[in-house]
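> what follows is a predicted structure for the sequence shown.
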Amino acid sequence: MDVATLRSVPLFSSLDSKATAELGEYLTIHDYPKSATIFRTGDPGDAMYLIDIGKVRISLTDADGHVVTLAELGPGDFFGDMAMLDGQGRSANAIALENARLAQLTREDFLLFMKSDPRVTLELLTALTNRLRRTDDLLRHRISRNINQLEAARMTLADRAADKIAEFGGSWKFIFCAIAFLAIWVLVNTILLTRSPFDAYPFILLNLVLNMIFALQAPIIMMSQNRQAEKDRLRANLDYQVNLKNELLLSDIIRRLDELQKKRPSD
């Protein structure tokens, strides 16, 4: 990269021509085809990159397994600086969105250059602060959530048992089991135990057992229905937040378009 290109990078814009030329001696050029992976989360943070040509996407995978795009960078942007400074692993993935040419600056060379010109340190801190602010804003506006996962995290053992019982009580399996149970009960007390049945007709003990089952089953089903209603309320609340966010973003887009229209010279 020539001196003019390097000075167009905000990180090095304050350098004079001599310092910029000295920095250029440390750089090595690498070409990456479209969709190539430059580094992944956890890779050693031994270098930073300056984009000369092309675009690079910086992303990470959240706890739900979704890929979150942190930034899409173009010519003049830089990345990989955070891991390079602390010497730890990469905190995100970097993938070329199109054919890209990058200038690589190793950690050792960058630290040597920082000692020779402290102005780079201040510019780097400013750039890192701006990126942290953008990340904070991204996380603050991410309101999409998996309702089932949120509800599962709050479920107790009693809740899980109530769901299983309610699911079984409202299935054909329960109906077939109940028919089989009643048929066996009646058969045993009318045919097999004709001399001394333990529950002779009109099957008073059977009625008592059924009443007890129904008396316990009803509140269990109500517990499961109450939890489903709570899940529906949570889903409605998140839907409202998503709709509100979309309205705010749309309003912001319209405002920006109006500003551009006002700045546009009249024909």
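Thanks, I have it.

> can you pull the contacts of Met48?
Taking Cβ atoms under 8 Å, 6 or more residues apart in numbering, we find Met48 in contact with Phe78, Phe79, Gly80, Asp81, Met84, Gln104, Leu105, Arg107, Phe110. Glycine gets a C-beta too; all of them are placed from N, C-alpha and C.

> swap the cut-off to 7 Å and go again
Phe78, Phe79, Gly80, Asp81, Met84, Leu105, Phe110 (Cβ atoms under 7 Å, 6 or more residues apart in numbering).

> for it, phi and psi?
phi -120, psi 170 (degrees, to the nearest 10).

> that one pairs with what?
For Met48, the residues forming beta bridges with it (DSSP bridges) are Leu105.

> any idea how far it lies from Met155?
Met48 sits 45 Å away from Met155, taking Cβ to Cβ, to the nearest Å as the criterion.

> ok, Asp77 next?
Asp77 is 45 Å from Met155, by Cβ to Cβ.

> Asp199 too?
From Asp199 across to Met155, the span is 39 Å (Cβ to Cβ).

> show me which of the two is the more surrounded one.
Shown here are Asp199 and Met155; by other Cβ atoms under 10 Å, Asp199 has more neighbours (18 against 12).

> just give the nearest non-adjacent residue to that one, would you?
The shortest distance from Asp199 to any non-neighbouring residue, by Cβ to Cβ, 6 or more residues apart in numbering, is to Leu205 (4.0 Å).

> then Pro75?
Ile51 (5.4 Å).

> for the one you found, what are its contacts?
Counting by Cβ under 7 Å, 6+ apart, the residues that Ile51 touches are Leu73, Gly74, Pro75, Gly76, Asp77, Ala100, Leu102.

> from those, pick the one nearest Thr28.
For these, the residue nearest Thr28 by Cβ to Cβ is Leu102; the value is 9.4 Å.

> what about that closest one, how many residues nearby?
Leu102 has 27 neighbouring residues, counting by other Cβ under 10 Å.

> got phi/psi on it?
phi -120, psi 150.

> now do Val68
According to degrees, to the nearest 10, Val68 has phi -110, psi 120.

> let's number from 20 now, not from 1
Will do, 20 is the new start, and the previous item becomes Val87.
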